[in-house]
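In: With the input below, show me the fold.
(4 chains, ligands or ions: 6)
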Amino acid sequence: MTGQYDDIDLRVRIGPLRLRNPVLTASGTFGYGREFADLVNLHRLGGVVTKGISLAPRPGNPPPRIVETACGMLNAIGLENVGVEEFIRRKMVFLRTAGTRVIVNILGDSVDDYARLAERLTGVEGIDALEVNISCPNVRKGGVAFGTVPEMAAAVTGAVRAATDLPLIVKLSPNVTDIGRMAAVVEEAGADAVSLINTLIGMAIDCRTRRPRLANVIGGLSGPAIKPVALRMVWQVARTVSIPVIGIGGISRAEDALEFLIAGASAIQVGTANFYQPAAAEEIITGIAAFLHEQGEHSVRDIIGSLQVEAG
Amino acid sequence: MTGQYDDIDLRVRIGPLRLRNPVLTASGTFGYGREFADLVNLHRLGGVVTKGISLAPRPGNPPPRIVETACGMLNAIGLENVGVEEFIRRKMVFLRTAGTRVIVNILGDSVDDYARLAERLTGVEGIDALEVNISCPNVRKGGVAFGTVPEMAAAVTGAVRAATDLPLIVKLSPNVTDIGRMAAVVEEAGADAVSLINTLIGMAIDCRTRRPRLANVIGGLSGPAIKPVALRMVWQVARTVSIPVIGIGGISRAEDALEFLIAGASAIQVGTANFYQPAAAEEIITGIAAFLHEQGEHSVRDIIGSLQVEAG
Amino acid sequence: MTKFQEKAQILDRQELAAGIYRLTLHAPLVAGGAHPGQFVMVRTDDSYDPLLRRPFSIHQVSAGGDLQLLFKVVGQGTGCLARLGPGSRVDLLGPLGRGFRLQREDPVCLVGGGMGIAPLYFLGKRLLQHARLPEFDPVLLGAASQQELALLADDFFGLGYDVRTATDDGSLGHHGFVTDLLDQVLPRVSRVYVCGPYPMMRIAAAKCLAAGVECEVSLETHMACGLGACLGCTVQAPDGYAHVCVQGPVFEAGEVAWQ
Amino acid sequence: MTKFQEKAQILDRQELAAGIYRLTLHAPLVAGGAHPGQFVMVRTDDSYDPLLRRPFSIHQVSAGGDLQLLFKVVGQGTGCLARLGPGSRVDLLGPLGRGFRLQREDPVCLVGGGMGIAPLYFLGKRLLQHARLPEFDPVLLGAASQQELALLADDFFGLGYDVRTATDDGSLGHHGFVTDLLDQVLPRVSRVYVCGPYPMMRIAAAKCLAAGVECEVSLETHMACGLGACLGCTVQAPDGYAHVCVQGPVFEAGEVAWQ
Ligand SMILES: Cc1cc2nc3c(=O)[nH]c(=O)nc-3n(C[C@H](O)[C@H](O)[C@H](O)COP(=O)(O)OP(=O)(O)OC[C@H]3O[C@@H](n4cnc5c(N)ncnc54)[C@H](O)[C@@H]3O)c2cc1C
Ligand SMILES: Cc1cc2nc3c(=O)[nH]c(=O)nc-3n(C[C@H](O)[C@H](O)[C@H](O)COP(=O)(O)OP(=O)(O)OC[C@H]3O[C@@H](n4cnc5c(N)ncnc54)[C@H](O)[C@@H]3O)c2cc1C
Ligand SMILES: Cc1cc2nc3c(=O)[nH]c(=O)nc-3n(C[C@H](O)[C@H](O)[C@H](O)COP(=O)(O)O)c2cc1C
Ligand SMILES: Cc1cc2nc3c(=O)[nH]c(=O)nc-3n(C[C@H](O)[C@H](O)[C@H](O)COP(=O)(O)O)c2cc1C
Ligand code: FES
Ligand code: FES
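Out: Ligands and ions are numbered 1, 2, ... in the order given. This is a model prediction of the structure:
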C-alpha cells in the first residue's frame, strides 16, 4: 500500500522470501520492532531485521558505546541482546503481530553457535528468514572475524544452511580486500542472498583526555558517510554472484535507496537513519513509488540492476 | 615559527627526514604548491607532497571526475599529471623556492616504472623525499592494485629502495583486510616510513539518468567522512611497525590532527580540507601549538603515540 | 505513553544569559502527554552534520500545547538550535523516557545545577497540581554566576517555592556548591529530586542515602535514538547496565552504580 | 591576479523572484581585483555537509569594495546561502579564473540565459568604462518567465544597452530561445559574450562561427577547489582536456569541444 501510487508494484523476491516492498530496517538500528511502533506503521515495511541474537543473553560493552562522527557514528554496543530463548518467548510475541516480515539476525562465537541458533529458530512461528552476521570474532581463531576469511565465512554459511530451511541471508563485512570473493564463497556455501555492508571499523579519540572515545577503543562506522563505499561494494557483488543482494549503508532517503537498487540490490535496509529520522523507511517506500511513477515504470523490479555503464 | 607559541617545539623526524612541524599537505590536493601560494604561507608548512608523478605525462580520466558525498567527495582524476621531466623542469623551479620540504609522490604501472621514477628524481635539487603511491593498478597483473597484495607492495618498495637513497615513504591503500600486514611488509622491504590512508573506493549514481556520477564509475572517497577509518588504521599500523607513520584522512582542524598524533602518527597530511578551507594546514599548525601550550607540553613529540588504552 | 514525531514551530527565543536560551515551541502532540523529567530528541534541519538528534529535557508545557526547552550552547548541535528564530521549525521526538515520581504529600526538595534546572521547573509546576504548600518545599539552585541563575530562580519564586541559591563565584546566594545547602533541609523533606552535573548528583545521592531520604536523579549520556533501539546510552547499574533513554533518564539514586 | 580568502559580511539580500536572490557582500579584497567573468568559491559555514565550496560568478563590484552575487536555489548549497541574512558572514575565495576579454571598440553583443546573466552585468558595466556607445550593443536576455527576467533586464536598460528579451513562456519579449534573437544582430557585432545553459551556448557558438563573429562562452563544471589543484573541473577541449577553473570559466568558443 503506497497511498497515491497504488499502480506501482513494489514487490520483490529475495530468493525464497517474498517482500511487499524492498525496504527493510537494519539489524541493531530498529530494536525488536516494538521500539518504533508509535512512530512507524510497521505493516508498511518490507520487513524488520532484528537486533543480532546469540545463544545466551549478552550484556554488551561498557560505556561509552557511541560517538558521533562527520555524517556518521561509531558504535561499540558489543552485541548486547536478550539471547535466543528470551527473544522467542518475549520479543517474537509482538513481532508476530506487527504485520511485516521478520528476519532474525544471528551471531555467534563459533561455527557451532551459529548452527545451533539456526536450528533453534527454525519452525518458530512468525520468523520469515535468518540473516547471519559474520562480522563477529571467531573466538576459536584468535578473534579474527568470520567475515574476513573466506574459509571461515563458508564454514558458517554451510553450517547454518545444514541447520535450517529458512531463507538464508549472509551479511558481509566490508573490512576486506575483495568483497566479491566473500560473496562468491557464501553463495557457493548455500546462502540464498547476501546483505551488505556491515559497519566499517573506525575509531575516535578525545584529545584532551588522550583516551579513545569508545570504551572498546574501536567501533563500527555507519551512516551517510559510508554510503559511497557500500554502494560500490553492492555494485561489485551484484556483478559477481547470481543470488539476490540486499544493499545497506547510509541509506536515508528515497534517492539513496534507488542508487542501491539501480546498482543491483533487490532490496535495501535502512540503518542509522532510523535514529535521526524514524520516518525514513516509510518515506523511502513512498519516494520509490513516486520515482517509479514519475519515470513511467510500473514495477520496482524493472530498475533493479539497471545501471548503465558506458562500454569499455 | 608559530607566532605566539614560540616556546613550543613542533619538530618531528620521519626516519631520515626532519620536518619543521608535523603538518604536510597531501598528494593531489595541493597541486604543485604554487596553486596555493597566494593563500597559504608555504614556508610555515612542514612540507608539501606533490600531485602523483608518472614517467610520461597523463591526461587523466574523462569528466565528470568529482562528486560530492555526505561529508566527503569522490574523485576519479585518473592520475593526471605533467610527467616526471616536465615536473623537474617546470614545477620544481617554484617548489625549490617555497621554503618548505618537498616530497614527491610517484606512481607507475609496473615495478620498473617506480624504480625508474625514483632513479630519475634522486639527486634533483630540492627534493627531500619520495612518497610511493601503491594504490595504482599493476597493469602486468590484470589491474589489481599493488597496494592490495603484500608481495606486490613489497616488490615496489624494494625496487624503489634499491633505486634511491632519498627518504622513502610508502603510502598504503585502505582497501585491504589487514592494513597492519601491508605496513609490515613494506617496512621489511625497506620503507623509511608509511603514510596512510589513501582513498577508500566508492561510487555514486544519478538515479534519474541511471548512470554513475563519475565517468570512471568508481572513485576514491576522501574527506571528514573517512576520518574514523583512517584513524583506526593509523593506530593499528603504529602498533605493528617500528618505522614512523604519517596519518592522512579527513583531517580538517587541529583536533583531528591531534587525534592522529596521539594514535601514533609522527606527522599528518591535510588533503581534501585544502579545497574547502585553504587555511586549514596553517590553522592546524597553530592549533597544535596552542593545544600543547594549554596542556603544558613543550614538544609535539611527547604526545605522539600517547593514547591511553585501558589494560585488558 | 505514546511517543510522537512532530514538526514544531518556534514561537519565541529568549537569551537568558550569554549562550543560554529558552525556546518556546508549539508542539501539541509532544506537550500533551509529557510528564516532568521526560525529554525530547531534537533535529534542527536535514543536514547530516551534525547527524544525530540532541536530547533536551522538557522545561515546561502549557495547556495550549506549547513546550519550552532551556539549553546552553556547548557545541555544534546546540549552536544550530540557538541560531533558529521564531517561525523556524524543528523536528521533535517525544515525550521520551521515564520521568520523576510525583510525590503527592510530604515536603520534597528540588536540587538543580546549571542546565539541570531545566526539567525541575516542569516538575515544580506539576507538583503544585497536587494541592501542595510550596513554601515548605525547598528548591536549591546552583550555577556559575548570578547572571546565569537569577531569571531561573525568579521563576521558582513565582511558583511560591522556598528558593535558595548558590553560585560558583558567589555573585548570588551561597558561595559554593548547591549541595552544601542540602544538609539543613534534608531533615525536613522526604524526597529529593536532583538534576545537574554528575559530581553534584553523586554528592546529593550520598547525602540523601546517609539521611535516609528518597532521592531521584536525572542522568545524561550520549544518545543516538532516545527510543531504546540503539543500546548506546548505557550506564553502569548495580546489577549490570541500564539504558538511560528508556529506564531513565530519572533513576532512583540506588539504581545507579556511582563512580 | 592575486587570490584572496576573505570573510565577507552580507550587507543586503534581495529576493528578485521566487528562489532567485541577489546578495550584496562587503569583500574589498576580492572585489578590488575582480575582472568580469571571474568567479568566487563560497563557503557558508563550518559544517561538513555540504562539504565543498560553491562557485558563483561575480555579478558586480562597487568602488567601495562591495560585491554582488546573483543565484538561484537549486540544491543544498544554494539553499544554505539563501537562508543567510544581512549581518551573516560567508567565506569567499577569489577572484578566480580567467574572465572575458574586454573589447574596447566595435559593437559587441551580450547573451545571457537564466543565472548566466550574472557575470554579464559586471561585464556590461565594465565595458562602459571604455567610452563605448551602449545603445549600439545588443544585450539578449532569456529566462523562464517575465517574473525571473524583468528586474535583470531593467538593470541593463539602466546602463543604456539595447536590451532584447526572450522567455520560455512568452510572458516577456520573444516567445522562445534567446539565441533566436542572435541572427538579426550578428551582422552588426564583432564579438559575442555568452553565458547560460550549455545547449544555449552551443547554439550561440555555432551561429557565431557560421557568421565569422568572435564568441566567448562561460562554462560550468563541478568544482572542488577553484584553484587548479584538484583537477576535477575538466571539460573536453579539441586537443585534450581543459580545466575550467583556471583556463576558464571563459573560453573562446573554439577552445571547447562541443558535444
Ligand atoms: C536526557 C537528557 C536531557 C538533557 N537536557 C538538557 C537540557 O535541558 N538543557 C541542556 O542544555 N542540555 C541538556 N542535555 C545535554 C544536551 O543534550 C547536550 O548539551 C547536547 O547534546 C550537546 O550537543 P552539541 O552538539 O551542542 O555538543 P557536542 O559536544 O558537539 O556534541 C557531540 C555529541 O555528544 C553528545 N553530547 C555532548 N554533550 C552531551 C551531554 N551532556 N549529554 C548527552 N549527550 C551529549 C551530543 O548529543 C552529540 O552526539 C540533556 C542530555 C540528556 C541525555
Ligand atoms: C564558474 C561558475 C560560475 C557560476 N555562477 C553562478 C551564478 O552566478 N549563479 C548561479 O545561480 N549559479 C552559478 N553557478 C552554478 C552554481 O555553482 C550551482 O548552482 C551550485 O553549485 C549548486 O549547488 P547546490 O548545492 O545548491 O546544488 P546541488 O545540486 O546540491 O550541488 C551538488 C554538487 O554539484 C555541484 N553543482 C550542481 N550544479 C552545478 C552547476 N550548475 N555548476 C557547477 N557545479 C554544480 C555543486 O557545486 C555541488 O558540488 C556557477 C557555476 C560555475 C562553475
Ligand atoms: C547501533 C548499531 C547496532 C548495530 N547492531 C548490529 C547487529 O546486531 N547485527 C548486525 O548484523 N548489524 C548491526 N549493525 C549494522 C547495521 O545493521 C548496518 O549494517 C550498518 O549500520 C550500516 O548501515 P547504516 O549506515 O544504514 O546504519 C548495527 C549498527 C548500529 C549503528
Ligand atoms: C582530488 C584528489 C586527488 C588525489 N590524488 C592523489 C595522488 O595523485 N596520489 C596519491 O597518493 N593520493 C592522491 N589523493 C589521495 C590524498 O592524498 C589522500 O590520501 C586522501 O584524499 C585522504 O585524505 P583526505 O581525506 O584528507 O583528503 C588524492 C585525493 C584527492 C581528493
Ligand atoms: S539512546 Fe538509543 S537506546 Fe537509548
Ligand atoms: S576546481 Fe579544482 S582544479 Fe578546477
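
In: Right, and ligand 2 sits closest to which residue of the stretch 151-259 of chain C?
Out: Distance from ligand 2 to each residue of the stretch 151-259 of chain C (Cβ to the nearest ligand atom) is smallest for C:A224, at 26.4 Å. Just so you know, the C-beta spots here come from the backbone N, C-alpha and C atoms, and that holds for glycine as well.

In: My error: substitute the stretch 1-150 of chain A in the last question.
Out: For the stretch 1-150 of chain A, Cβ to the nearest ligand atom, closest residue to ligand 2: A:C71, 14.8 Å.

In: before we move on, the earlier item: burial of the residue of the stretch 151-259 of chain C closest to ligand 2, as a residue count?
Out: 29 (other Cβ atoms under 10 Å in any protein chain shown).

In: okay but the residue of the stretch 1-150 of chain A closest to ligand 2 is in contact with B:C71, surely?
Out: Yes. Using Cβ atoms under 8 Å, A:C71 is in contact with B:C71, at 3.5 Å.

In: Can you identify the element that follows the helix or strand hosting A:V194 toward the C-terminus?
Out: Under the criterion of DSSP states H and E, A:V194 resides in strand A:193-196. Beyond strand A:193-196 on the C-terminal side, the first helix or strand identified by DSSP H and E is strand A:200-203.

In: Output the set of residues of chain C in proximity to chain B.
Out: Contact residues, chain C versus chain B (Cβ under 8 Å from any Cβ of the partner chain): C:48-49.

In: what's the answer for the stretch 201-312 of chain A, then?
Out: So the stretch 201-312 of chain A meets chain B at A:201-205, A:207-212, A:215, A:217-218, A:221, A:223-229, A:231-232, A:235, A:250, A:255, A:258-259, A:262-263, A:291, A:295, A:303, A:306-310 (Cβ under 8 Å from any Cβ).

In: OK, now which residue of the stretch 201-312 of chain A is nearest to ligand 6?
Out: Residue nearest to ligand 6 within the stretch 201-312 of chain A: A:P228 (19.3 Å; Cβ to the nearest ligand atom).

In: Test for you: state the pLDDT assigned to C:H174.
Out: C:H174 carries a pLDDT score of 95 in this model.

In: what does C:Q103 give?
Out: 80.

In: and if you look at A:R89?
Out: We have a pLDDT of 96 for A:R89.

In: cool, A:I284 as well?
Out: Value for A:I284, per-residue pLDDT: 98.

In: Look up which helix or strand it falls in, please.
Out: helix A:280-294.

In: Show me what that helix is packed up against.
Out: Counting contacts by 3 or more Cβ pairs under 8 Å, 6 or more residues apart in numbering or on different chains; DSSP states H and E, helix A:280-294 packs against strand A:23-25, helix A:254-263, strand A:267-270, helix A:273-276.

In: Now with 6 Å, please.
Out: Where contact means 3 or more Cβ pairs under 6 Å, 6 or more residues apart in numbering or on different chains; DSSP states H and E, helix A:280-294 is packed against strand A:23-25, helix A:254-263.

In: Please compute how far the longest one lies from its chain's middle.
Out: By that I understand helix A:254-263. Relative to its chain's centre, helix A:254-263 lies at 15 Å (Cα atoms, centre = their mean, to the nearest Å).

In: what's near enough to touch the residue in the stretch 101-250 of chain C positioned nearest to chain B?
Out: At 14.4 Å from chain B, C:Q236 is the closest residue in the stretch 101-250 of chain C, using Cβ to the nearest Cβ. The contact partners of C:Q236, taken as Cβ atoms under 6 Å, 6 or more residues apart in numbering or on different chains, are C:A257.

In: How about C:T167?
Out: Counted by Cβ under 6 Å, 6+ apart, C:T167 has contacts C:143, C:145-146.

In: Which among the residues you listed count as buried?
Out: Buried members of the contacts of C:T167, scored by 16 or more other Cβ atoms under 10 Å in any protein chain shown, are C:143, C:146.

In: Go back to the contacts of C:T167 and keep what's next to ligand 6.
Out: Among the contacts of C:T167, no residue is within reach of ligand 6 (Cβ under 6 Å from any ligand atom).

In: and which of the contacts of C:T167 is nearest to C:G79?
Out: C:A143 (20.5 Å; Cβ to Cβ).

In: what bridges to the closest one?
Out: C:T167 (DSSP bridges).

In: and it, what pLDDT?
Out: The score at C:A143 is 96. That number is its pLDDT.

In: dump the residue contacts of C:T221.
Out: C:T221 neighbours (Cβ under 6 Å, 6+ apart): C:233, C:235, C:244.
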